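Trainee: Just the structure for this:
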Amino acid sequence: MKLFITIIQDEISYELIKALSKAKFRTTKLSSTGGFMKKGNTTLLIGTKDREQEDVLRIIKRISEKYESQKEGVANANIFVLNLEEHKRF
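Mentor: Residues are numbered from 1 along each chain as shown. Down below sits the predicted model:
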């Protein structure tokens, strides 16, 4: 299993969550701040099976590339992919 910690610009969050949901990926949204001007960010936690990793990355890339970066050298999405030993839902 994989855990994606995805930090995105606020203006992208609605469309990305909608696209992930349509593809049947569950997300947990956390509001966050950071970066140079402390602009609003959204952090998404996304858990997937190993074989779904490329699908999630493809969706994030497709949505984030639709938006122009506010400043040169600033990414619309920063993604950390972690190996997840176990996942439980109660």
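Trainee: For the protein, which element, helix or strand, carries the lowest mean pLDDT?
Mentor: strand 27-34 (a mean of 85; mean pLDDT, DSSP states H and E).
Trainee: show me where this protein has helices.
Mentor: 10-22, 53-64 (DSSP state H).
Trainee: Return the set of buried residues in the last one.
Mentor: What it means is helix 53-64. Going by neighbour count (16 or more other CB atoms under 10 Å), the buried part of helix 53-64 is 56, 57, 59, 60, 63, 64. From N, CA and C alone the C-beta is placed, and that goes for glycine too.
Trainee: Leaving out chain neighbours, which residue sits closest to the fourth one?
Mentor: So that's residue 60. residue 77 (5.5 Å; CB to CB, 6 or more residues apart in numbering).
Trainee: Figure out which of the helices of the chain is closest to residue 85.
Mentor: Comparing those against residue 85 with CB to CB, the closest turns out to be helix 53-64 (15.7 Å).
Trainee: Remind me what that closest one packs against, helices and strands.
Mentor: strand 2-9, helix 10-22, strand 39-48, strand 77-83 (3 or more CB pairs under 8 Å, 6 or more residues apart in numbering; DSSP states H and E).
Trainee: average model confidence for the first one?
Mentor: Confidence for strand 2-9, expressed as mean pLDDT, is 94.
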